[in-house]
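Participant: Just to be clear, the model below is a prediction. Sequence and coordinates:
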Amino acid sequence: MMFAVLGIPIKKMLGLNETQFGLLAAMPVLSGSLVRVPLGIWCDKYGGRIVFFLLMLVSVIPIYLIGKATAYWQFLALGLVVGVVGGSFSVGTPYVARWFSKERRGLAMGIFGAGNSGSALTKFVAPAIITAYGWQMLPTVYAVAMLVTAILFWLFSATDPTHQSGASVPFSEQMKVLKDPRVWRYCQYYSVVFGGYVGLALWMTKYYVGEYGFDLRLAALLAACFSLPGGVLRALGGWISDRYGAYKVTWYVMWVCWVCFFLLSYPPTSMAIKTVNGDLNMSLALTPWMFTGLLFIVGTAMAIGKASVFKFIGDEFSDNIGAVSGVVGLAGGLGGFILPILFGVLLDLTGVRSSAFMLLYGSVCVSLVWMHFSFKPDIAAAAKASVA
């Protein structure tokens, strides 16, 4: 998420267009998505502690080198390398889940997932560092923070060899999960609640700057109103999913997002209505506070939805959580990679900033339809059993 803020001065320095900015912001998400499947499998095979530690350690130098880059291709290449830390979710999720019983896994994975709030922390910390010391200082600070975190993790974490469920299972066997239609359903849901979260978290700081003319610090602060609940409240989503079930929670999350994206999609509009007394001029637009309020609701819903989707996985794929979470995480990460690029392309083509929300509105529609028809037989069967 560093590029969500860092990308703005880089865009100005290099004279990038909207599509190029979207690609820059999304590049780390691409590599973070592609490595999720092998990382999840290695977590099953070797244990989460060693994989997580090495993943953080190898990212320190590339993060530091971002501050030394000067050309667009250098930022893209380093972003691609740094992005591998984004795959940590498919390591941490099974690592954490296996310490807890099935009834408590939703909350446990939700607490771990609250680490997504780091994206909101960036919105507070990064603008202050850039303003005080220049953008080149930010990668240095983050590299030191990553190194310290890796050391602390190694010193204060533990491992259990019995959790290494995939130690003797070949890669081809673990990838047979792709034949299960449930995995593809969860990929779709996660591409909305996580991919949409990542895409918006990367895009919103710039959106506030362009749409409302705010400076970088205020724009990042308001963007954090989306990022912060989208991370912190994931633990709440895990608890709610444990209590009410993954299906019901995910279903309501999609409906909340559907309503909010519909409202956010409407661009500022001026119209003249012909009346018997002459023209009646009207204008429709979301104020910054209305816009931020809707974003907060979306961030809260996505936080709960991210936890509920992984509750599905924890309940239904206990023996190979790592592989399945890697595949689902890959889908979500690819959504987060593609969306900022598409946001930039749509903005370049239409000139309408809210076209980003029009795209998300369409993706939620697909999820709702798919979810309805996928679970309809299960709901009917449960109703018959209840009557019997």
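Facilitator: Received, thanks.

Participant: any idea how far residue 105 lies from residue 325?
Facilitator: The spacing between residue 105 and residue 325, counted by CB to CB, to the nearest Å, is 12 Å. From N, CA and C alone the C-beta is placed, and that goes for glycine too.

Participant: between these two, who's got more neighbours?
Facilitator: residue 325 (31 against 25; other CB atoms under 10 Å).

Participant: the bottom helix or strand of this structure by mean pLDDT?
Facilitator: helix 171-174 (a mean of 62; mean pLDDT, DSSP states H and E).

Participant: after it comes which helix or strand?
Facilitator: helix 181-193 (DSSP states H and E).

Participant: per-residue confidence averaged over that following helix?
Facilitator: Mean pLDDT, helix 181-193: 85.

Participant: tell me which residues of that helix are tucked away?
Facilitator: 183, 185-193 (16 or more other CB atoms under 10 Å).

Participant: just the CA coordinates of that helix, formatted as PDB?
Facilitator: The C-alpha trace of helix 181-193 is given here as PDB (Å, rounded to 0.1, in the frame of the first residue of the first chain):
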ATOM      1  CA  PRO A 181     -16.700 -25.600  -7.700                       C
ATOM      2  CA  ARG A 182     -16.800 -24.200  -4.100                       C
ATOM      3  CA  VAL A 183     -13.300 -22.900  -4.500                       C
ATOM      4  CA  TRP A 184     -14.200 -20.900  -7.600                       C
ATOM      5  CA  ARG A 185     -17.200 -19.400  -5.800                       C
ATOM      6  CA  TYR A 186     -15.100 -18.200  -3.000                       C
ATOM      7  CA  CYS A 187     -12.500 -16.900  -5.500                       C
ATOM      8  CA  GLN A 188     -15.300 -14.700  -6.900                       C
ATOM      9  CA  TYR A 189     -16.500 -13.400  -3.500                       C
ATOM     10  CA  TYR A 190     -13.000 -12.700  -2.400                       C
ATOM     11  CA  SER A 191     -12.100 -10.900  -5.600                       C
ATOM     12  CA  VAL A 192     -14.900  -8.400  -4.600                       C
ATOM     13  CA  VAL A 193     -14.400  -8.000  -0.900                       C
END
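
Participant: which strands and helices sit next to the helix or strand just after that helix?
Facilitator: Following helix 181-193 in sequence order, the next helix or strand is helix 195-212 (DSSP H and E). With contacts taken as 3 or more CB pairs under 8 Å, 6 or more residues apart in numbering; DSSP states H and E, helix 195-212 sits against helix 2-14, helix 18-34, helix 216-232, helix 288-316, helix 321-350, helix 355-387.
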